[in-house]
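[1] after the sequence you'll find the predicted model.
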Amino acid sequence: MSVALWLVVPAAGQGRRMGAERPKQYLPLAGDPVLSLTLARLHQAFPDARLCLCLDDDDRYFQPAWVPFGDWRRTSGGLERVDTVIKALDAIACEAHVEDLVLVHDVARPCVTVADLHALRAALGEEPVGGLLAAPVADTMKRDDGQGYVHATEPRAGLWHAMTPQGFRYGVLCRALVDARKRGIEVTDEASAVEALGLAPRLVPGRRDNLKITHPEDLALAESILAAQARHLDNDIPHCISRTTGR
């Protein structure tokens with residue numbers, strides 16, 4: 001039996017920390033909405049994947065033309081991210097197989113590279129549970145005392161920044177999220193729910209420029225990252241052929 005690839009993109013949040021007039025997934029970035037750029041990057045890596053795009057029922061900004069996937073469906077958002085992802089998994093219950101791979105990706109991460117997406121997919125090909133893109137912590141980590149002062153310096157050895165996509169077998173992810181919600185476990189990401197089952201997701205090294213847009217200054221940083229990525233791709237084109245003369 002062939003294993004299908006499903007993409008779940010939660011995009012029902014309000015992004016209040018941005019302090020903008022609209023949710024952050026609809027803010028302009030390099031001339032396009034953040035959501036549009038994120039979906040385009042995912043489609044570039046996985047054009048044949050099946051997409052679940054999770055939107056608020058009262059969303060008045062979304063335009064279907066921004067979705068490049070041929071096989072996609074819109075699902076409703078929930079109160080929390082975990083509820084939103086569960087709704088998406090429920091929506092495909094009649095089609096998905098327990099061994100299918102589900103990649104959950106933050107809509108506010110438009111800078112994830114195609115190379116990292118392919119690396120994650122390849123790494124999870126034989127993983128019975130799943131894993132996530134992550135980067136080793138490079139900064140010194142401080143723990144505060146609750147009053148705004150340093151309580152301790154935490155050893156950073158073995159610490160990783162969790163990113164997305166995070167990919168798990170459909171059956172495992174369903175069980176993990178439903179179990180975590182029933183037990184009242186805080187689900188900060190899909191991996192944390194899987195860990196609560198006693199399972200160990202695989203850490204797949206990813207680029208540090210896989211930025212999650214959260215604060216206003218992140219938009220300018222993301223635009224710089226996208227421009228740098230575009231220049232890198234342009235530099236990979238052989239320059240023995242003139243693009244202006246065709247010679």
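    That came in fine, so what should we check first?

[2] could you confirm Arg74 falls within a strand?
    Yes. Using DSSP: H, G, I helix; E, B strand; the rest coil, the assignment for Arg74 is a strand.

[3] for it, give me its contacts.
    53-55 (Cβ atoms under 8 Å, 6 or more residues apart in numbering). Where you see a C-beta, it was placed from the backbone N, CA and C, and this is true even at glycine.

[4] can you lay out these as CSV showing pLDDT?
    Converted to CSV, the contacts of Arg74 look like this (pLDDT from 0 to 100):
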residue, pLDDT
Leu53, 98
Cys54, 98
Leu55, 97
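
[5] neighbour count added to those residues, as a markdown table?
    Converted to a markdown table, the contacts of Arg74 look like this (neighbours: other Cβ atoms under 10 Å):
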| residue | neighbour count |
| --- | --- |
| Leu53 | 23 |
| Cys54 | 24 |
| Leu55 | 21 |
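
[6] reformat those residues as TSV; add distance to Thr214 and secondary structure.
    Formatted as TSV, the contacts of Arg74 follow (distance: Cβ to Cβ, whole Å; DSSP: H, G, I helix; E, B strand; the rest coil):
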residue	distance to Thr214	secondary structure
Leu53	20	strand
Cys54	18	strand
Leu55	19	strand
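
[7] just give me the longest helix of the protein.
    As assigned by DSSP state H, the longest helix anywhere in the chain is helix 217-235.

[8] now do the strands in this structure.
    5-10, 28-29, 32-33, 50-55, 72-76, 101-104, 130-136, 141-144, 150-154, 160-169, 202-205 (DSSP state E).

[9] make JSON lines from these and add distance to Phe62 to it.
    As requested, the strands of the chain are arranged in JSON lines below (distance: least, Cβ to Cβ, whole Å):
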{"stretch": "strand 5-10", "distance to Phe62": "12"}
{"stretch": "strand 28-29", "distance to Phe62": "15"}
{"stretch": "strand 32-33", "distance to Phe62": "9"}
{"stretch": "strand 50-55", "distance to Phe62": "6"}
{"stretch": "strand 72-76", "distance to Phe62": "8"}
{"stretch": "strand 101-104", "distance to Phe62": "19"}
{"stretch": "strand 130-136", "distance to Phe62": "26"}
{"stretch": "strand 141-144", "distance to Phe62": "38"}
{"stretch": "strand 150-154", "distance to Phe62": "41"}
{"stretch": "strand 160-169", "distance to Phe62": "20"}
{"stretch": "strand 202-205", "distance to Phe62": "30"}
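
[10] with respect to burial, which of those scores highest?
    Comparing the strands of the chain by mean neighbour count (mean count of other Cβ atoms under 10 Å), strand 101-104 ranks first with a mean of 26.

[11] what pairs with it, parallel or antiparallel?
    Counting by DSSP bridges, the strands paired with strand 101-104 are strand 5-10 (parallel), strand 160-169 (antiparallel).

[12] what's the angle from the last one to strand 130-136?
    For strand 160-169 and strand 130-136, the angle between their directions (axes from the mean of the first three to the mean of the last three Cα atoms, to 10 degrees) works out to 170 degrees.

[13] what mean pLDDT does strand 160-169 get?
    Model confidence over strand 160-169, given as mean pLDDT, is 97.

[14] how about the contacts made by the residue sitting nearest the centre point of the chain?
    Nearest to the geometric centre of the chain sits His105, at 2.1 Å (Cα atoms, centre = their mean). Residues in contact with His105, defined by Cβ under 8 Å, 6+ apart, are 7-9, 38, 42, 112, 164-166.
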